Structure formats: structure tokens, C-alpha cells
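Student: Below: sequence and its predicted model.
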Amino acid sequence: MRVGIEVGGTFTDLVAVEGGEVRIAKVPSVPARPDEGAMAVLKAAGLAMEDIDDLVHGSTVAINAVLERKGAKTAFLVTKGFRDLLALQRHNRRQIYDLFYAKPVPVVGQRDTFEIDERTGPDGGIVKALDTQALDGALAQALGCGGYEAVAVCLLNGYANPAHEQAVAAWLKAHFPDLAVTCSSDVTREFREYERASTTTIAAYVQPVNKAYIDRLADSLRAAGFTGRFSIMQSNGGRLPAAASAGNAVGALFSGPAAGVKGAIRQAALAGYRDIVTLDMGGTSTDVCLVNDAQADLTSETEVDGLPIRVPALDIVSVGAGGGSIVWIDDGGMLRVGPRSAGASPGPACYERGGVEATVTDAHMIRGAIRAQAFLGGAMRVDRDAAARAFEPLARHFDMSLEDIADSAVRVADANIVRAIELVSTERGRDPRDYVLVPYGGAGPLHAVRVAEALGIATIVVPPNAGVLSAFGLLAADFAQYDTMTRRVAVDAQAPGRVRKIYAEMAARARAAFAAAGIDAEPAITFTLEMRYVGQAFEVQVPLESEALEGLRADDLAARFADVHIQGYGFGGADYGACEIMSFRVGALAPPGELPALREAEPSQTGAACKIFDGGEWRCGALAQRAGIRNAGGQPGPALVEDATSTAFIPGGWHATIDLHDNLVIERLDLP
């Protein structure tokens, strides 16, 4: 038996696979104690712990520690003269005309930053040697009485030569064995001092919290009789054994969204859809990702709360437009949705758990798109009257009916999602009309068609049990380990030889790391270059197949780079000057084994008709189940299609069918 458990902001989901049988479960999350939510969903599924051979977990513990500033008290060690590194940041402003704009607040303050008298050059040469005996004075005293739980070490040019960082780490472990020590050279071996420092401090800040959580959950699992393999999902779309992941907390910040993308890719590919846009709308946010040929792009840098994190992660864009996102009025009197969310506690007003503010879920209740008797297959009680009470102040403010203001809130959420998809598609040289939209999460299928209409997308594929697809994606994820290293290489006649040499060294390290993590499979190795024109400030990623390495030539490298640059920016080629390689990335991947397709759960009991408020009026529609659509050969809109974990809305002008893999395929009838 293989089990995936994904802890979201509102619900904790489980998918269990044994042979060809798939079992699902969903329970409310416990934000203050997410491990209790994980154990609760195992109990709700009725699984025998001793029967579970493989358990994969994804959670929001690490990212919440950053967002809520509940990480460990951390000291930051830097090269002398760089104490203000985290405060200076970059010159860019996110809101150019905001008179009250403030830079993101780092997780470590200046009072907790300490200088070390040493210097390494950008070529890795030692400019000023490190005297570890000098650390025994003021630094040792400060660390000893500061109440620190973790230490981040990020010395100048440590990516080029980590010798000084490793020496400081050895000194720390000898003098302060209880401190969790994180070196930048172990987290990210790339240039750009601020980004590397931000990544290292966040890694150190969440390390004790994440390790304590994983250890606590592992202990609870063992106490309940679990003896199988325990893995943690990573932001890069792969997973690692829990013991290895406990020492790499920063790599698991976006585990939930990454799992959803992997599940969507696998389920859509079974039906022949390989170019997709994923739309994961849960309780707190909506995450979107562009997938080409069944492969999601990896980005070398992402952000949390405005702070850069330079580790490989799936290229996912998030917006505050989840089912629990709060509907509010801004200072200009405009209706807004998110990013603040009611979360799991108290949750939307209709949950009757103390929530009084209007949310997107409440809006759907008022519109009739969510039926109280069918919510989570009838397993959870919700109240439309409570949703109406939450929306009454908004309706009075805008002098609108409850139905109109609820419908307007849904359309604002739709607009937020459309903008997010444009960020990963049109703004990167990709036409969304060339892709299929794959919505999932509890609320994704409710918004999918209107989002597709705005983008010109003609086909939507809703996977079975879409509300728990992220948990299924945990099981579909490969074991994965990535290594990125900055080495500046001019693209000239000597470049191919240097590329082959560097990649051979990195591939050997990746295989060794795989073995050290306890993964007993031979990994496939992937290669990616980060390249730019000489004089540019930032790089683009250029994939390089392993079979192309042997006969690689300088003009091949330049041509590959030009193609990627033209696609992203509309220009490129030899006329724009010489190009260079700045960083190298190696990925080691091993599949977890065969996995059956996700299938439809037992259908809930529904009637034959419903009324939905859409576009300013009540519309009569059909109330359908996937089995009924399959038997009838299709279902035209307007209609609601319910299953145990989500509801899909099909407006007029669209038609739905069920394919051989239980996907709900929704297509436009009036194609241009």
C-alpha cells in the first residue's frame, strides 16, 4: 500500500493506492498542529498502519514558519564588512508609487548578525585567511548568551570555495553542538550575495521547526505501527526520504503546490494531454503552472513574503484567490478578493466555526454552485444562511442583491486567476490557447470554465477526485536531488570541454547524494545551463540532453541559448554579441514505481436539476455525476457535476464528456 498525505491551509487530504484500488479521505486541517491533521486523516481513511509500505507527505509547516515568523532564533555569520547585507537587499521596488513602501523584512535582524574577519575571492582564491582561534572571543560569547537555536553561515564568495564556511561550521559544532548549523555552500552554491544570504538564513530559520515536525510525525507513525518508507515532497517536484529532507527544510517550502502539478501532469498525460496549464484552487490560494510536453519548468529562484529563495523549484505562480479568501472593500471602494484567508480556523462563514467574514466559498453557496447537502459528499455540514449573513454588509454597501454581490466576488477571483496564468504564459512567450486547462483542488473546477473563456482556452480536463489530486501527486513524484553551481564559462572553442568536465563532476556528486539519502535506485541525470549575453544582468535556462554532451560544439551552445532567449524575449542570435554560461544545474531522478490511474470515488446522491446564479440571473441546470454523464454520452451546460471532493460548473455553450480515465473533459461548442 502506498499513501500520500497533503496538509493544506484548509483541508488535509489522503490518497491510498493498493493494487488497482484507490481510496481517498479528507478532513479539516489543524493549523497549530498539522501532524495531528495527518494522523486524523489516516484514521478517517481506516487504514491499517502496518499495511502501508510507502508514505509520502507534503505540508505547509516550513513556509508557515516564515510567513508567521515562528522559526528558530537564528544568528547570521558574514564576512567582515557585510553586516548590512540582508538590510540593503536590492534597489528594486514592488510598488513604485507607494509612499509608504517598505522592503521585505528578513528573518534575521542586524543585532543577530556577526562579522568574521576573512575573505575569499570570486575565483575561489583565499584573499585573507580565516583564523578560527579568533572566533573564541566576542563571537563565542555572543552565541553563548544569545539564546540561539540555529546559525546561518554565508561568507563572501563561499560558492566558489567553501573552505572557510566549512571551517566555521566545524568550529560551531565543536563549541556549540546543540545549534543547528546551515552553510550557504550546502544550500546554494550560486553567486549573488544577497539572494544566497537570504536563502541561507531562511534555511537555518526553518530548519529546527521542520526537523521537529518531521520527527514528531515520524514518532507518531511508528507508535501507530507504521514500519514502511517515509518521504517528504520537495518544491522541485520530487521527493526525498524524510531523514534527508529534515536537513533540507528550505527545499520543501512549496511541497503542496508542487505535488499538485505532478498529479495533474500524470493524470492528463494518460489521456494524451501533454501541454497543459494547471489550476490548483484550494482553501487559501490558487497556484498555476505551465507544462510543456508533460514537463513543468524549474525556476532557479522563488520568493516567500518578498524574500528571495535560490533553490530549484517548479515554476508556480500563486495568488490569494482560494475558497477561503476573504471578500472585502479597499480604500478606493472597490471589491477585492484575498490575499487574506479565513483558512481552516475559523474558515468560511458557512462552515459555522466562528467565521463571520465573506469568502469565495460563501459566494458559491449563495450562487447555488455549492449545495449544502453534497459538500464533501455530504460528510461536512455547511449553512447557506450563514454565508448570506456574511455577505449582507457588502450587498448593502454596493446596493446589490446577495446573489449579484456573490457573483461579482467570484468574477473578481476569476480575474485574479487569469492574471496569474498570464504571468506564466503570455508574459513568457507562450499562448494559453495552445494549452489545455487542468483544474483541481476543492474549488478549481468551479472557476475553470470562466477562466478558460477569458484566456481563449477551448478544452478543460478535470481529473477524477480533483479535490485530492495533490495527495495523489505525492505518489506520482520521482525521487529527486538537484545541485546548482556557479562557474562562469565563456562560450568559445574551449567551452564544450569545460562543460563536459563540470557536468561529470556534478553528476558524480548527485549520484553520491542519492546513495547517501538512502535511495537504492540508479538515477537518471538531467542537465541545464543558465546562460546570458555578456553584459546582461540575468540568465535564462537552457536544457541540455545528456546524449548531446559528447559531440557538443560552441556554436551548438550559442544556438540553443539564442532559441530560448528569442522565445522568452522576442530577440536573440549572433548579432546580439557573445554569450556565456553562468551556472550549471544537475538533476538526479528516479521513479517510485508503477502507479494506477486516479479513478472516480463513489458518487454522491444528487437530484436531477439545480439553479445557479450566473451572469446576473438564475439559470436552470442539470445536476450530474460522472457515471451519469458517461452513460448518457455527454452533458451540455448549464450543469453542476459533483463528486466526493469537488464540484465542476459547466455554463451554457460548453459540453462535457467522460474519457476512458474518468477525466471530465469540458469543451466549447461555439469554437471560433
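Tutor: The structure has been received and is ready for your questions. Residues are numbered from 1 along each chain as shown.
Student: How about the secondary structure of Phe76?
Tutor: State at Phe76, reduced to three classes by DSSP: H, G, I helix; E, B strand; the rest coil: strand.
Student: Could you check which helix or strand contains Phe561?
Tutor: helix 554-569 (DSSP states H and E).
Student: Which strands or helices does the helix or strand following that helix pack on?
Tutor: With elements assigned by DSSP H and E, the helix or strand that comes after helix 554-569 is strand 579-590. If you count contacts as 3 or more Cβ pairs under 8 Å, 6 or more residues apart in numbering; DSSP states H and E, strand 579-590 packs onto strand 479-490, helix 495-516, strand 524-533, helix 554-569. No exception for glycine: its C-beta is placed from N, CA and C like everyone else's.
Student: The ones you listed: which one's closest to Val410?
Tutor: Comparison of these against Val410 by Cβ to Cβ identifies helix 554-569 as nearest, at 33.1 Å.
Student: thought Pro257 was touching Asp287?
Tutor: Yes: here Pro257 reaches Asp287: they are 4.1 Å apart, a contact under Cβ atoms under 8 Å.
Student: Which neighbours do the two have in common?
Tutor: Listed as contacting both Pro257 and Asp287 by Cβ atoms under 8 Å, 6 or more residues apart in numbering are 280, 316, 318.
Student: who wins for neighbours among those residues?
Tutor: Sorting the shared contacts of Pro257 and Asp287 by how many neighbours each has (other Cβ atoms under 10 Å) puts Asp280 first, at 31 neighbours.
Student: For the stretch 151-300 of the chain, which segments count as helices?
Tutor: Taking DSSP state H, counting those that start in this stretch as the criterion, the stretch 151-300 of the chain carries its helices at 163-175, 184-187, 193-223, 242-246, 255-270.
Student: could I have the second one exported to CSV, CA atoms only?
Tutor: By that I understand helix 184-187. Provided in CSV are the C-alpha atoms of helix 184-187 (Å, rounded to 0.1, in the frame of the first residue of the first chain):
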residue,chain,number,x,y,z
SER,A,184,25.4,28.6,2.2
SER,A,185,27.7,26.2,0.3
ASP,A,186,25.4,23.4,1.5
VAL,A,187,22.2,25.1,0.4
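Student: on that earlier part again, and which of the shared contacts of Pro257 and Asp287 is nearest Ala87?
Tutor: Ser318 (26.3 Å).
Student: if we can go back for a sec, can you tell me which of the helices of the stretch 151-300 of the chain has the worst average pLDDT?
Tutor: Note on these: lowest mean pLDDT is at helix 242-246, with a mean of 82.
Student: May I have it as CSV, with CA atoms only?
Tutor: Output in CSV follows, covering the C-alpha atoms of helix 242-246 (Å, rounded to 0.1, in the frame of the first residue of the first chain):
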residue,chain,number,x,y,z
ALA,A,242,12.3,12.0,5.5
ALA,A,243,15.7,11.8,7.1
ALA,A,244,17.3,13.6,4.2
SER,A,245,14.5,16.1,3.9
ALA,A,246,14.8,17.0,7.6
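Student: before we move on, back to that, among the shared contacts of Pro257 and Asp287, which one sits closest to Asp431?
Tutor: Checking those one by one against Asp431 (Cβ to Cβ), the nearest turns out to be Ile316, at 19.7 Å.
Student: and the closest one, what does it touch?
Tutor: Shown in contact with Ile316 (Cβ under 8 Å, 6+ apart): 254, 257-258, 261, 287-289, 302.
Student: How about Ala150?
Tutor: Each residue near Ala150 by Cβ under 8 Å, 6+ apart is listed here: 72-75, 179-182, 204-205, 207-208.
Student: Same check on Ile370?
Tutor: 361, 364, 382, 446, 647.
Student: wait, is it part of a strand?
Tutor: No: using three-state DSSP, the secondary structure at Ile370 is coil, not a strand.
Student: For it, grab phi and psi.
Tutor: In terms of degrees, to the nearest 10, the main-chain angles of Ile370 are phi -120, psi 130.
Student: Distance check, it against Ala395.
Tutor: Going from Ile370 to Ala395 by Cβ to Cβ, to the nearest Å gives 19 Å.
Student: Serialize the shared contacts of Pro257 and Asp287 to JSON lines and add fields for distance to Ala562 and pLDDT.
Tutor: As requested, these are exported to JSON lines (distance: Cβ to Cβ, whole Å; pLDDT from 0 to 100):
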{"residue": "Asp280", "distance to Ala562": "34", "pLDDT": "93"}
{"residue": "Ile316", "distance to Ala562": "27", "pLDDT": "90"}
{"residue": "Ser318", "distance to Ala562": "32", "pLDDT": "85"}
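Student: Let's see which of the residues you listed end up in strands.
Tutor: When strands are assigned by DSSP state E, the members of the shared contacts of Pro257 and Asp287 inside them are 280, 316, 318.
Student: Break this protein down into its structural domains.
Tutor: Residue ranges for the domains of the chain, per automatic domain parsing: 67-212, 325-412, 479-590, 609-668.
Student: and Gly238, which of these is closest to it?
Tutor: Gly238 lies closest to domain 479-590 among these, at 2.1 Å (Cβ to Cβ).
Student: Quick one: mean pLDDT for that closest one?
Tutor: Across domain 479-590, pLDDT averages out at 91.
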